[in-house]
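Participant: For reference, the sequence and a predicted model appear below.
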Amino acid sequence: MTNIRSATMTLAALALTACATSHVMIGQARPPISPEDVQVYTRPPTVPYDEIAKLQTSSGGSFSFTAQSKTDAVIKRLKTEAAKLGANGVLLEGMGDRPSGSIGTGGGTESYSGRSAVGGGVGINLGMSQKVGGGVAIYVEHR
């Protein structure tokens, strides 16, 4: 029972680290805001803004299967991390794919009859990937 509990705790820890978002401070944090108030920019805003932190995250652990849902998970995590730092914007710097493992299954059968044997098998392997993304948490001056 102890081995099962230990294995369960290890898997839970791995799942939590698989979806970790990191930041490196490059400016001054502000009081936290709601992630819904964070705007995503694909190019720098035309109004003055302050850079707060570099952000990195992935879609790992999000149970997303399509490219769009993985991208949505990355954007949501970037906005959440930016909001914790008081940033009201995220300036996207890049989005890409990272291999994250595979799922495989196989099966086979055989038949014996007198002096002969017949066998066959089928295998399926499904490659998996995560979306990874980064950006800069920014505070945009609204006039």
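Facilitator: Done, it's in. Being a predicted model, the structure only gives us computed values, none of them experimental. Residues are numbered from 1 along each chain as shown.

Participant: May I see the buried residues of stretch 39-54?
Facilitator: Counting neighbours by 16 or more other C-beta atoms under 10 Å, one finds that the buried residues in stretch 39-54 are 49, 52-53. Where you see a C-beta, it was placed from the backbone N, CA and C, and this is true even at glycine.

Participant: Closest one to His142 out of these, please.
Facilitator: Of all the buried residues of stretch 39-54, the one sitting nearest His142 is Tyr49; the distance, using C-beta to C-beta, is 9.9 Å.

Participant: what's across from the closest one in the sheet?
Facilitator: Applying DSSP bridges to Tyr49 gives these bridge partners: Val140.

Participant: Pull up the gap between it and Thr42, please.
Facilitator: Using C-beta to C-beta, to the nearest Å, one obtains 14 Å as the distance from Tyr49 to Thr42.

Participant: how about the strands in the protein?
Facilitator: In order along the chain, the chain carries the following strands (DSSP state E): 22-25, 39-41, 49-58, 89-113, 116-140.

Participant: need the least confident one among the ones you listed, by mean pLDDT.
Facilitator: For those, the bottom mean pLDDT is recorded on strand 89-113, which sits at a mean of 75.

Participant: Looks like Ile33 contacts Gly86 (just checking).
Facilitator: Yes - A contact is recorded between Ile33 and Gly86 when judged using C-beta atoms under 8 Å, the distance being 6.0 Å.

Participant: OK, contacts around the closest residue to Ser129 other than its chain neighbours?
Facilitator: Using C-beta to C-beta, 6 or more residues apart in numbering and skipping the chain neighbours, the partner closest in space to Ser129 is Asp97 (4.7 Å). Residues counted as contacts of Asp97 (C-beta atoms under 8 Å, 6 or more residues apart in numbering) are 129-132.

Participant: Out of these, who's the most crowded?
Facilitator: Lys131 (24 neighbours; other C-beta atoms under 10 Å).

Participant: ok, back up a step: which one of the buried residues of stretch 39-54 is nearest to Thr21?
Facilitator: Using C-beta to C-beta, Ala53 is the member of the buried residues of stretch 39-54 that sits closest to Thr21, with 10.7 Å.
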